[in-house]
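Peer 1: only geometry, no sequence info:
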């Protein structure tokens, strides 16, 4: 699920992937070949912050939550996984992407554990 920032209103906006979200999706798909990738644009929740107001609300693509499941995370700790993503998105971060909330898992980590 992805969302875009509304011009006004406090309600959650409807889905429409913009250029930053599309770039995030393309880069992470190429690098990590995820079995699951959910990108949510949370920018609308931050439009009242001073830096966003100074930019007239920004471009509406500044804050994202990413939930990703990939075999590429196998053997890597959370910090290493996050560094992989931040490195892949360095251009976006240098061009206005402000914050990422990351949930990174391997397919094994999302399997329900068997209770004895």
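Peer 2: Arrived safely. No experiment lies behind these values; they were computed from the predicted model shown.

Peer 1: let me know the next secondary structure element after the longest helix seen in the chain.
Peer 2: Counting by DSSP state H, the longest helix found in the chain is helix 19-32. Counting by DSSP states H and E, the next helix or strand C-terminal to helix 19-32 is strand 36-41.

Peer 1: give the pairing partners of that following strand; include direction for each.
Peer 2: Partners of strand 36-41 in the sheet, by DSSP bridges, are strand 63-69 (antiparallel).

Peer 1: any idea what the most centrally placed residue in the chain is bridged to?
Peer 2: For the chain, the residue nearest the mean C-alpha position is residue 66 (3.3 Å; CA atoms, centre = their mean). With DSSP bridges as the criterion, residue 66 is bridged to residue 39, residue 102.

Peer 1: now for this protein, the helix or strand with the poorest mean pLDDT.
Peer 2: helix 50-54 (a mean of 51; mean pLDDT, DSSP states H and E).

Peer 1: quick revisit: packing partners of the longest helix of the chain?
Peer 2: When contacts are defined as 3 or more CB pairs under 8 Å, 6 or more residues apart in numbering; DSSP states H and E, helix 19-32 packs onto strand 36-41, strand 63-69, helix 78-88, helix 90-94. Quick note: C-beta positions are derived from backbone N, CA and C, even for glycine.

Peer 1: check which residues of the first one are buried.
Peer 2: Judged by neighbour count (16 or more other CB atoms under 10 Å), strand 36-41 contains these buried residues: 37, 39, 40, 41.

Peer 1: same question for the third one.
Peer 2: Neighbour-count burial for helix 78-88, with 16+ other CB under 10 Å as criterion, is recorded at 81, 84, 85, 88.

Peer 1: quick one: low-confidence ranges for the protein?
Peer 2: 1-16, 44, 46-59, 114-116 (pLDDT under 70).

Peer 1: swap in 50 and give it another go.
Peer 2: 1-15, 53-54, 56-57 (pLDDT under 50).

Peer 1: number of residues surrounding residue 111?
Peer 2: 9 (other CB atoms under 10 Å).
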